[in-house]
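> got a structure for you, letters missing:
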């Protein structure tokens, strides 16, 4: 982000130009800040860590290791943009992963098992959406019900880890499309496609604009005649579907379905979305920001394992970073409200 | 009769009684308590003892929710306080000394208090949404706990420390008395002083209460401090029960169960009116349900499915839509009876 003081920025108020700049770009500033942090992290790691951190292999692994989180963050972005929250995604991922692994182990073809995973995720999302929209349950509590349901069902399917030997699913992970040391796996491609698809939907379709409108002001959106109910429920269904997709990616990644997977992953996804600049009050944010948020998350994780430090630092650093971002967001929102 | 039906503790109490009846029919031993050496044993006593950590956490959560907040960090605070207590006892070289244990517990609760102050600062001074503000500590807290224990599960053999969870004070478990003391203290402070009313005022309408001269900041801050301290105590009891500090497992999901207990007890998540008796009943319902599920031979890992149904049933019954349908149903049945204004507890 360049901090050039362009002359036309000067507003009629006597406020310094940078204030006007920040006020008008309040929606994008947090995302740019996330990009900045990502660059600083990468540069810092390259400079201070022994060895070659910015190698193509390392950067490619970043996408590979965090593909499932990226998909979850995409779904979470939809929900948070409508000013909701979905606590169930980590458990939905575990449930669909274990369900898929079980189905495959019983000899179900992947053509059936994979849609079943997505459907299971979507169904839990639908349940949460209906509770939120038609029964006026707070998103927090409704998705808490979804969390319990999915986590319990995961253990109902199997108490142990189930190994996956289905070649199609493993192909998603093992295939490496290489280009000069860079590589990408089908899981990474799926995750990136999810991001691209979500960005297009959010910015170019009536549904996407309605999502933003609901987050901005639900009452106004309703008075404008927008399909608030349908859109809100759909947002949760999308999050559930993303949970199912993440279950597939994680199953491919770990080669097994395990009912204890993804405990606390919903928090990682929320943290990534917030770090990416989406406001938890809804209405402001970008899916691409969530991509950046996930990359920040993944980079910190890689740096920590590079340094050989304890993984417990990961939680502390992510917590601290989350704090930094919400304080910054809070300041930006307060400032733009004062200027209005 | 309708007066009793209308009472807001009616349905939670009915659910608890129903659970106990079902249990006593299904396994007659449920109600029997045996006396050994002046100490009571039995399934009911186990419920009372086992509920202590959740009770403490849920009490704090009630106050926080009454101020329109939520405290997600209680589980992490439990992990930290357990880790602190056990690390002190472990490092003292004299784990059997009562003084050491007292110091350890005191320091652990103080640390929890500091964490509560931190949460309160973020919410009341910086004005960050409570879910997010406490999410920070929820994420970072377990990391801190892991650092304190060095990434291991610290175990300790200390009779005075084990007493906190499994010891008996005359008839009943000591942990039970701890939770009773907490209930009484909270009830006295909130209901016998103006603090409870002020807390509800802040929760019902923050702006109106500010204009009325209520010092919102202090009240909200205090709520998070209380929640932190109670979570700290709960962490000590949990650690004492398993005689170890497990930074990953201590208090896992307890924030969710505590919120569920508060909601079961009839306190709205929208803040405002709160019921301490309701929370106590809510905790007992959860603990009895947990014991029932175990008795049914369901692996405890699968118990979340049952709680999912409880959550869904409770929120659907509380929802305006269903309430409206029920009300119109009863209204049509006795149409001649003049219906008073619909000034019910807002769902």
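Sure thing, it's come through. Since we're looking at a predicted model, the values are computed, not measured.
> rest of the way, CA atoms for contacts and neighbours
Will do.
> chain B contacts on chain A?
Residues of chain A found near chain B (C-alpha under 8 Å from any C-alpha of the partner chain) are A:131, A:134-137, A:141-142, A:144-156, A:159, A:267, A:310, A:312-320, A:322-323, A:326-327, A:330.
> mind doing that once more with 7 Å?
A:135-137, A:145-146, A:148-149, A:151-153, A:155-156, A:312-313, A:315-316, A:319-320, A:322-323 (C-alpha under 7 Å from any C-alpha of the partner chain).
> mind checking how far the residue nearest the centre of chain A is from residue B:82?
Central residue of chain A (C-alpha atoms, centre = their mean): residue A:73, 0.8 Å from the mean position. Here residue A:73 is placed at a distance of 32 Å from residue B:82 (C-alpha to C-alpha, to the nearest Å).
> then residue A:255?
35 Å.
> out of those two, which sits in the more crowded spot?
Taking other C-alpha atoms under 10 Å in any protein chain shown, residue A:255 and residue B:82 do not tie; residue B:82 has more neighbours (36 against 18).
> any weak-confidence spans in the stretch 151-300 of chain B?
Residues of the stretch 151-300 of chain B meeting the criterion pLDDT under 70: none.
> and if you look at the stretch 201-340 of chain A?
Scanning the stretch 201-340 of chain A for pLDDT under 70 picks out A:336-340.
> dump the residue contacts of residue 315.
No chain in the question, so chain A it is. B:139-140, B:143 (C-alpha atoms under 7 Å, 6 or more residues apart in numbering or on different chains).
> not what I meant, chain B
residue A:137.
> again with residue B:235
B:78-79, B:81-82.
> quick one, which of the residues you listed are buried?
Among the contacts of residue B:235, those classed as buried by 16 or more other C-alpha atoms under 10 Å in any protein chain shown are B:78-79, B:81-82.
> out of the residues you listed, who's nearest chain A?
residue B:79 (13.1 Å; C-alpha to the nearest C-alpha).
> could you chop chain B up by domain?
Here the domain assignment for chain B is B:39-282, B:298-334, based on automatic domain parsing.
> just the ones you listed: most buried one?
domain B:39-282 (a mean of 22; mean count of other C-alpha atoms under 10 Å in any protein chain shown).
> and it, end to end?
Termini of domain B:39-282 sit 26 Å apart (C-alpha to C-alpha).
> buried residues in stretch A:174-187?
Neighbour counts over stretch A:174-187 (16+ other C-alpha under 10 Å) mark A:174, A:183-187 as buried.
> check what contacts it and list those residues.
Contacts with stretch A:174-187, where a contact means C-alpha under 7 Å, 6+ apart, come from A:56-57, A:60, A:64, A:67, A:172-173, A:249.
> could you redo the last one with a cut-off of 10 Å?
Identification of contacts with stretch A:174-187 by C-alpha atoms under 10 Å, 6 or more residues apart in numbering or on different chains yields A:55-61, A:63-68, A:167-173, A:188, A:191-193, A:245-246, A:248-250, A:252-253.
> picking up where we left off before, which among the buried residues of stretch A:174-187 gets closest to residue B:307?
Nearest to residue B:307 among the buried residues of stretch A:174-187 is residue A:187, at 33.8 Å by C-alpha to C-alpha.
> what's the helix or strand for residue B:84?
helix B:74-92 (DSSP states H and E).
> near chain A at all, the helix or strand just after that helix?
Sequence order places helix B:98-120 as the next helix or strand after helix B:74-92, per DSSP H and E. No. Helix B:98-120 does not reach chain A (C-alpha under 10 Å from any C-alpha of the partner chain); its nearest approach is 11.2 Å.
> now helix B:98-120 against helix B:74-92, angle please.
For helix B:98-120 against helix B:74-92, the angle by axes from the mean of the first three to the mean of the last three C-alpha atoms, to 10 degrees is 150 degrees.
> run through the neighbouring helices and strands of the helix or strand just after helix B:98-120.
Next helix or strand after helix B:98-120 toward the C-terminus (DSSP H and E): helix B:130-148. Under the contact criterion of 3 or more C-alpha pairs under 10 Å, 6 or more residues apart in numbering or on different chains; DSSP states H and E, helix B:130-148 touches helix A:265-275, helix A:312-339, helix B:74-92, helix B:98-120, strand B:244-245.
> what about helix B:130-148, distance to the chain center?
Its chain's average C-alpha position is 19 Å from that of helix B:130-148, according to C-alpha atoms, centre = their mean, to the nearest Å.
> quick one: mean pLDDT for that helix?
Averaging pLDDT along helix B:130-148 yields 87.
> the next helix or strand after it pairs with which strands?
Next helix or strand after helix B:130-148 toward the C-terminus (DSSP H and E): strand B:154-155. Looking at strand B:154-155 with DSSP bridges, its partner strands are strand B:244-245 (antiparallel).
> quick one: is the helix or strand just after the partner strand near chain A?
Next along the chain after strand B:244-245, taking DSSP H and E as the criterion, comes helix B:254-264. Yes. Among the residues of helix B:254-264, B:256-257, B:259-260, B:263 lie within reach of chain A under C-alpha under 10 Å from any C-alpha.
> now these in JSON lines, with distance to residue A:219?
Below are the residues of helix B:254-264 next to chain A laid out as JSON lines (distance: C-alpha to C-alpha, whole Å):
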{"residue": "B:256", "distance to residue A:219": "30"}
{"residue": "B:257", "distance to residue A:219": "32"}
{"residue": "B:259", "distance to residue A:219": "28"}
{"residue": "B:260", "distance to residue A:219": "29"}
{"residue": "B:263", "distance to residue A:219": "26"}
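> which of the residues you listed lies closest to chain A?
Closest approach between these and chain A, by C-alpha to the nearest C-alpha: residue B:256, at 7.4 Å.
> residue contacts, the closest one?
By C-alpha under 10 Å, 6+ apart, the contact list for residue B:256 reads A:141, A:144-145, A:147-148, B:58, B:71-72, B:74-75, B:262.
> name the nearest residue to the residue nearest in space to the middle of chain B, sequence neighbours excluded.
With distances taken as C-alpha atoms, centre = their mean, the residue of chain B nearest its centroid is residue B:58 (1.5 Å). Nearest residue to residue B:58, sequence neighbours excluded (C-alpha to C-alpha, 6 or more residues apart in numbering or on different chains): residue B:258, at 4.5 Å.
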